[in-house]
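Enquirer: mind folding the following:
(chains A and B)
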Amino acid sequence: MNTELSGILVSFTITLLIAIPLGKYLAKMFAGEKVWTDFMKPIESGIYKLSGINPNQPMNWKQFLKGMITLNSLWLIYGFFMLMYQDKLPLNPDGNPGMSADLAFNSIVSFVANTNLQHYSGETGATYLIQHFVLMFLQFTSAATGIACAVAVFKALHDKTTTDVGNFWVYLVRAITRLLLPLSVVIALILAFNGTPASYAGKDQFISMQGDTVNVSRGPAAQFIAIKHLGTNGGGWFGANSAHPLENPNYITNITEIVSQMIIPIAMVLAFGYFIRRKKLGWVIFGVMTLGMFMLMIPTISSELGGNPAIAKMGISQTTGAMEGKEVRIGPMATAYWSTLTTIVSTGSVNGMHDSTMPLTGLWQMLGMMINSFYGGCGVGVLNYLIYLIIAVFISGLMVGRTPEFLGHKVEAREVKIAALVTLLSPFLILAGTALSSYVFTNHGAADWAVKPSAWLNNPGYHGFSEMLYENTSSNANNGSGFEGLGDNNIFWNVSTGLIILLGRFLPIVGPVAIAGLLGQKKFIPESAGTLKTDTITFGMMTLAVILVLNALSYFPALVLGPIAEHFSMLK
Amino acid sequence: MKTSSNKLFEPALVQTALKESFIKLNPKTMMRNPVMFTVEIGTLIMLYVTFYSFTHASQGSFAYNCSIFIILLLTLLFANFAEAIAEARGKAQADSLRKTREDTPAKVLLEDGSVTTRSSNQLLKGDVFVCEAGDTIPTDGEIIEGLATIDESAITGESAPVIREAGGDKSSVTGGTKVLSDNIKVVVTTQPGESFLDKMIALVEGASRQKTPNEIALTILLASFTLVFIIVCVTLQPFAAYANTTITIAALISLFVCLIPTTIGGLLSAIGIAGMDRALRANVITKSGKAVETAGDIDVLLLDKTGTITIGNRKATHFWPAPGIAQDDFVRACVLSSLADETPEGKSIIELSLSPTLSKGEGVERELHKLVDQYKALSFGEGLGEAFEFIKFSAETRASGINTPDGTRIRKGAFDSIKNMAINAGHKFDNEIEERVKAISSKGGTPLVVAKNEEVMGVIELQDIIKPDIAERFERLRKMGIKTVMVTGDNPLTAKFIAEKAGVDDFIAEAKPEDKMRYIKAEQAAGKLVAMMGDGTNDAPALAQADVGVAMNSGTQAAKEAGNMVDLDNDPTKLIEIVEIGKQLLITRGTLTTFSIANDVAKYFAIVPALFIASIPALQAINIMHLHSPESAILSAVIFNAIIIPMLIPLALKGVAYKPIGASALLRRNLLIYGLGGVLAPFIGIKLIDLLISVMI
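Expert: Presented below is the predicted three-dimensional model:
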């Protein structure tokens, strides 16, 4: 076995070794059982007292969501003004300017929504104060928001019949104090000891061997990079993300970063099973997601290792695979591995340039984001999967001749309506967004924006279409990565992707929580031999089929015009 | 109705349905079905484009546009036809039932006591009519006076006449049935046009047909799929503009119509109507479509023991003579004891005595026959009491019997009473008899002891005869996940024995109507759906409480009002069929939805390359079916999409078979057939159609 492959296997094994016990721990911790992190209790009590929260107050799903939306709205307003006026605030050693209104809107939405689609570059776009007290703060809270909402779903489906989905504030606080914060400290320490900067000093300078003066940005990056991966946020401290030698100094940090972005999404899936006392369901969902991951990862790795056919045609041998846009020290396989994971779990940080990957790799990356529930983001992955699951339950329930039910609750018109709307939302946002940008590009190329539409594509043609499709897909999936050939810092992209992120974040959270809340209120029906069990491999495959067919049907024409057309034209 | 044909497409019905398919094109009607309504809009646009293309070349040739328009119109007509034929079949079925009772002359009893003749459809609720032997009963009603034997074969197909009498639970008569003997006074219980049958017909007809909750949920899902494809098709226009491709309106609408789930959309209402129709064919009148659907979800089934699990009444199965008593003497005593016993048990004793399979001495059988014939002759003549003295059963003695002219006293009765009688008379009571009695009881049987002149002759064993195929039916129910509960008036010991033997899961012994009610409520509180069948007035509350209450047509009006189905056959095992019909209904919807969506994969591979191949030649690689030309590819896809609807009508009407093999296995099976089959079938179908078209062009 070559070292590239064993590196991947080791990395995935470490991920599982951490995620499995973490899943058990999360189920216990959120259920309020005794766990070793109970020593955080005094801090939590202090927070509750300070904020006037009664941690024992039960909430129904509407109250829960109201709390979630209110809090997130406050952060939006707070962050928006901080970003616009960052130049007038302290901790700005490099003298970075304030953001324009549209960029501030896009950036703050993007961080509140766990997306981190950065239309600015970290080095020059944000001050230390912003990075620390807005962006990093939101990287904690947005991940915790997703986790809290997933736990609400667990709670609603755990009880036989209940209106209580748990207390939003308690879940939110615990997700930070007992999960994100401790793990981030560990990860940040590993990164700092391996060379990632953690100082508040401004740019450093050295004179290169060629005699040029080189300015090197730095700052308190290690802690930021830790939570950006752990919370599947993805916003880089440096513009080049983990392809930057200071953000990702060596192979150990590479593994640390890729492992840390996977553990919570996987642990949450298993925690679902443990929490509702249907361990097997958690494992079946995990199995489906893992299978889905391999279905995307294997062709990705193979197309990257295969090299570029256009270069091959020139008679140049590519023994190391396609190297454009990749770090030599990381190599194509580890980059392909990362690119699959970062797109399926909605982190969106990169360790190579996605824009430079093979057309088919781009296809798999986009598909991963369109599906958005092969593990998926922190907490929201489970929520997205729940939507597919409800549709699978409904169709397969009919197919076995019983009114569909999930975990002992009948799935009826109202739940189907919500699931259908959420399913509808993704194709609507992605396709409408791409259609709008294509229309503007074709018909209003000369519009007077910071980046003119006619100039926003580095490669017009099929690849240009892919760049726009990718940008919209990434926004809807709250992923945040980009085909960076797209010049996206103008009012059009800032506003359109901002809106897509906002809708693509909150409706798919509200929907599943509402469905679980509604299901939880219904009469509990005990299982019988006629009940369709959802924790079987058969049903898992049914859900996978629903996921694949729904996404294929929604995006096939768009994908044909982008990556598929590019791929086949390249072969000609 | 038994004579009505089961053929799917009867010419007369097809004709009505064809006409209806055009009438249903009315947008107001189409609007009820969002999927097909969007097809109608598409068709109208194509009509406009067809005219436009007559003078302008930019939208493709006139012939091409016209063909697309015609195929889309056919798609609509096919879908309408599916619904219309299902309606027509249901209506025909109900009509044939209704016809039996139309224009029957009714002898109406007026208040002054005189009788006038009036047509049956002028009978109002509360009217009283009389029927004599030979009359056809004009309408549904309840006997208020008298008793009659009635031939119900017109409704049930069962030729054996039944007895209906005033008061009690067998007082209902059905219009269209015939009085065979005696005369009865009947009060009309329904207004004209409001009978269950009328309600059922209204359910089948479009106007008052309401969608069931499940149908609504599925319609929402289908509508959302339709919306996804609207988005896909609308956004395709700017995508194509970016790629410097022009897409004709015909191609865009074809893509849209092919993608939206027209197969299930077109067949959805037909499936629902066919479900009710199938119930009607099983001789069950449902009061709502929802009831049929709910039947498929039933968890618990309450069944009366008598008539459902066991055949009617107990039967004598064995004669056990006492030690020292000859078999022949005992049999003779048994026959004598039961000569005047009109109960089914008594009759079965005679039957068993006379049966050739029972070993008897030479000439005994002939002798017994003579005895019975002699009794029958006597009972019609005078002086019966002089020859034999019959002792009727009374609650005090708990025995019945006969005193013959020669002074022999023969008694037959419960163990205790005969034992007392024997001991009082100074006879000994053999231990072996007592043990026999216990053995019979423990096997669920009923022992009857026979004594001659107070001396015990032996024991007759009566047993419940469990229906031969009932255990398998319960096994089938168990596999469906349905718990069966036997309701019986027997003591717990007997009940337990029969329950085990028949294979029911639970039983309610010594059941009173309140017990049924309590049981149903307890199961419902645990979240289960309960079905029961009943006929008596005291069953009415339980019938109303149950999620599916099936009243027997022979039952009281109160029972029929309380339940949500009426079984015309009075067949207690009917519930099992009803459950399967309910399940079939859902399965048919589910599998055709899956099939419809799975079809889209192939349609994409036909149409998408066709749209872009001119401007992006590299996309020839995804034309994996190697279709002839863009036009032929699009035409093939729309043609396939249209003709799959009529091809699936028989399946929609008959329903997809239900197999009780467990939910997961059933899902695997249906996924394989309708999911995978749904992916593959159109690849083959579209390719074949394309081959045909390419020859014709």
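Enquirer: domain parsing for chain B?
Expert: For chain B, whose domains are defined here by automatic domain parsing, the residue ranges read B:11-93+B:201-280+B:585-653+B:662-696, B:105-138+B:140-189, B:284-311+B:466-570, B:315-463.
Enquirer: I'd like those domains written out as TSV, with mean neighbour count added.
Expert: C-beta here means a position set from N, CA and C on the backbone, and glycine is covered the same way. Formatted as TSV, the entries for these read as follows, by neighbours: other CB atoms under 10 Å in any protein chain shown:
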stretch	mean neighbour count
domain B:11-93+B:201-280+B:585-653+B:662-696	21
domain B:105-138+B:140-189	17
domain B:284-311+B:466-570	21
domain B:315-463	17
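Enquirer: in JSON lines: these, plus distance to chain A and mean pLDDT.
Expert: Compiled in JSON lines, these are given as follows (distance: least, CB to the nearest CB, whole Å; pLDDT from 0 to 100):
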{"stretch": "domain B:11-93+B:201-280+B:585-653+B:662-696", "distance to chain A": "3", "mean pLDDT": "90"}
{"stretch": "domain B:105-138+B:140-189", "distance to chain A": "28", "mean pLDDT": "79"}
{"stretch": "domain B:284-311+B:466-570", "distance to chain A": "3", "mean pLDDT": "83"}
{"stretch": "domain B:315-463", "distance to chain A": "27", "mean pLDDT": "80"}
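Enquirer: as CSV, those with distance to A:M68 would be great.
Expert: Converted to CSV, the domains of chain B look like this (distance: least, CB to CB, whole Å):
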stretch, distance to A:M68
domain B:11-93+B:201-280+B:585-653+B:662-696, 25
domain B:105-138+B:140-189, 59
domain B:284-311+B:466-570, 31
domain B:315-463, 63
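Enquirer: surely A:K523 touches B:A525?
Expert: No: contact status for A:K523 versus B:A525: not in contact, 9.0 Å apart, counting by CB atoms under 8 Å.
Enquirer: closest point of the stretch 401-550 of chain A to chain B, which residue?
Expert: Ranked by CB to the nearest CB, the top residue of the stretch 401-550 of chain A for proximity to chain B is A:G530, at 2.7 Å.
Enquirer: contact partners for the residue most central in space within chain B?
Expert: Taking CA atoms, centre = their mean as the criterion, B:I578 is the residue nearest the geometric centre of chain B, at 3.7 Å. B:I578 is in contact with B:A279, B:A282, B:V284, B:V292, B:A295, B:A531, B:V548, B:V550, B:M565, counting by CB atoms under 8 Å, 6 or more residues apart in numbering or on different chains.
Enquirer: nearest spatial neighbour of A:L553, skipping sequence neighbours?
Expert: Computed as CB to CB, 6 or more residues apart in numbering or on different chains, the closest residue to A:L553 that is not its neighbour in sequence is B:D600, at 5.4 Å.
Enquirer: list the contacts for the one you found?
Expert: A:V549, A:L553, B:C258, B:L259.
Enquirer: ok, back up a step: and the residue nearest to the centre of chain B, how far is that from B:P541?
Expert: Taking CB to CB, to the nearest Å as the criterion, B:I578 is separated from B:P541 by 21 Å.
Enquirer: thought the residue of the stretch 401-550 of chain A closest to chain B was touching A:T403?
Expert: No: the pair A:G530 and A:T403 does not pass the contact test of CB under 8 Å, sitting 10.5 Å apart.
Enquirer: so how far does stretch B:531-545 reach from one end to the other?
Expert: By CA to CA, to the nearest Å, the extent of stretch B:531-545 from end to end equals 9 Å.
Enquirer: give me the neighbour count for the closest residue to chain B within the stretch 1-150 of chain A.
Expert: The stretch 1-150 of chain A approaches chain B most closely through A:W61 (19.9 Å), counting by CB to the nearest CB. In terms of burial, A:W61 registers 26 neighbours under the definition other CB atoms under 10 Å in any protein chain shown.
Enquirer: doesn't A:V165 make contact with it?
Expert: Yes: the pair formed by A:W61 and A:V165 meets the contact definition of CB under 8 Å, at 5.0 Å.
Enquirer: need the residues touching each of the two.
Expert: Shared contacts of A:W61 and A:V165, defined by CB under 8 Å, 6+ apart, comprise A:A152, A:A156, A:V513, A:A516, A:G517, A:G520.
Enquirer: now render the residues you listed as a markdown table, adding neighbour count and pLDDT.
Expert: Output for the shared contacts of A:W61 and A:V165, formatted as a markdown table (neighbours: other CB atoms under 10 Å in any protein chain shown; pLDDT from 0 to 100):
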| residue | neighbour count | pLDDT |
| --- | --- | --- |
| A:A152 | 30 | 96 |
| A:A156 | 29 | 94 |
| A:V513 | 26 | 96 |
| A:A516 | 28 | 96 |
| A:G517 | 25 | 95 |
| A:G520 | 25 | 93 |
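Enquirer: secondary structure added to those, as JSON lines?
Expert: Listed next are the shared contacts of A:W61 and A:V165 as JSON lines, based on DSSP: H, G, I helix; E, B strand; the rest coil:
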{"residue": "A:A152", "secondary structure": "helix"}
{"residue": "A:A156", "secondary structure": "helix"}
{"residue": "A:V513", "secondary structure": "helix"}
{"residue": "A:A516", "secondary structure": "helix"}
{"residue": "A:G517", "secondary structure": "helix"}
{"residue": "A:G520", "secondary structure": "helix"}
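Enquirer: tell me who's in contact with the most centrally placed residue in chain A.
Expert: Most central in chain A under CA atoms, centre = their mean is A:S346, positioned 1.9 Å from the mean C-alpha point. Going by CB under 8 Å, 6+ apart, A:S346 touches A:114-115, A:232, A:234, A:369, A:372, A:376-377, A:380-381, A:477-480.
Enquirer: which helices and strands sit right next to the longest strand seen in chain B?
Expert: The single longest strand within chain B, with elements called by DSSP state E, is strand B:141-151. In terms of contacts (3 or more CB pairs under 8 Å, 6 or more residues apart in numbering or on different chains; DSSP states H and E), strand B:141-151 is packed against strand B:128-131, strand B:162-165, strand B:172-173, strand B:178-181, strand B:184-188.
Enquirer: export stretch A:201-209 to CSV, keeping only CA atoms.
Expert: Written as CSV, here are the backbone C-alpha positions of stretch A:201-209 (Å, rounded to 0.1, in the frame of the first residue of the first chain):
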residue,chain,number,x,y,z
ALA,A,201,1.5,40.7,16.6
GLY,A,202,0.9,42.1,13.1
LYS,A,203,2.6,41.1,9.9
ASP,A,204,6.1,39.8,10.0
GLN,A,205,8.7,40.5,7.5
PHE,A,206,11.7,38.7,6.0
ILE,A,207,13.9,39.1,3.0
SER,A,208,13.9,36.2,0.7
MET,A,209,16.9,34.6,-1.0
